[in-house]
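how does the following fold in three dimensions:
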Amino acid sequence: MIRWASPFVLLALWQIGSAAGIIPQDVLPAPSLILEAGVELIDNGQLVDALAVSGVRVIEGLLLGGIVGVALGTAVGLSKWFEATVDPPMQMVRALPHLGLIPLFIVWFGIGELPKVLLVALGVTFPLYLNTFSAIRQVDPKLFETAQVLGFSFWQRFRTIIVPSAAPQVLVGLRQSLAIAWLSLIVAEQINADRGIGYLIMNARDFLRIDIIIFGLIVYALLGIGTDAIVRTLERRALRYRS
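Alright, predicted model coming up:
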């Protein structure tokens, strides 16, 4: 009860502080004003359109980065040769701040949708790569010995041993990737964007609509929490055998 009640208590204190003039409205509008701004965006259809555009960007970036990250992580986890040749450059690229690559992406790919999707994909790739690589390397060697005794082929070992054993940690990587995907999108959509939630926030900044800016950030947070909850539900269903 305390866990559920504490956010509402904070909102109530925030509202009271705004009504009493303790919290300046031009710095932090009251929750009621932020809610009114959200209703305004819903009524005029801007929020629905922005959600659709931002959702497509995240899905495309997540698919692209997820495929690359899981594929490379699997290859490096299964092969010492791939570890020696692929892992060093991957670690070098991982050390770069991917949000700092925005100017280079704009020069290379222009100001359309491609650099935004690629920025999300780049952020998504490395958590999945590292978790997949680590998960495969931590599979119990005794399972491989048993599979060898039973005459399992490579694909049988991969399907019945590696995938079930690595799945929990890979799903953790997916949750991390989703958080980074939304973080990357927040930055990407505020640069040369004409649609999306980030565009709504930048447009609101130009008109000094702090209520819309805060509402947009809340939407980003809710999307992150919602997608994380979906993966957690998927994790519980996929790993029922462990309970």
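
for Gly45, give me phi and psi.
phi 80, psi 0 (degrees, to the nearest 10).

list the contacts of Leu234.
Leu171 (CB atoms under 8 Å, 6 or more residues apart in numbering). No exception for glycine: its C-beta is placed from N, CA and C like everyone else's.

let me know whether Ile162 touches Val139 as I believe.
Yes - Ile162 lies in contact with Val139 (CB atoms under 8 Å); the separation is 6.0 Å.

which of the two has more residues huddled nearby?
The neighbour comparison of Ile162 against Val139 (other CB atoms under 10 Å) goes to Ile162, with 20 against 17.

and the more buried one, what pLDDT?
The per-residue pLDDT reported for Ile162 equals 85.

ok, now which ones touch it?
Leu78, Ile136, Val139.

any idea how far Val139 is from the first one?
The spacing between Leu78 and Val139, counted by CB to CB, to the nearest Å, is 10 Å.

circling back to that earlier point, in strands only, show me the contacts of Ile162.
Among these, no member falls in strands (DSSP state E).

just those now: which is nearest Ala221?
Using CB to CB, Ile136 is the member of these that sits closest to Ala221, with 33.0 Å.

how distant is the helix ranked longest in the chain from the center of its chain?
Ranked by number of residues, the top helix in the chain under DSSP state H is helix 46-78. Put simply, helix 46-78 sits 8 Å off its chain's centre (CA atoms, centre = their mean, to the nearest Å).

still on that earlier bit, could the contacts of Ile162 go into TSV alongside pLDDT and distance to Asp228?
Formatted as TSV, the contacts of Ile162 follow (pLDDT from 0 to 100; distance: CB to CB, whole Å):
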residue	pLDDT	distance to Asp228
Leu78	87	29
Ile136	90	24
Val139	84	26
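
output the residues you listed in JSON lines, with distance to Ser177 appended to each entry.
Shown next, in JSON lines, are the contacts of Ile162 (distance: CB to CB, whole Å):
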{"residue": "Leu78", "distance to Ser177": "21"}
{"residue": "Ile136", "distance to Ser177": "17"}
{"residue": "Val139", "distance to Ser177": "21"}
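
alright, that wraps it up for me.
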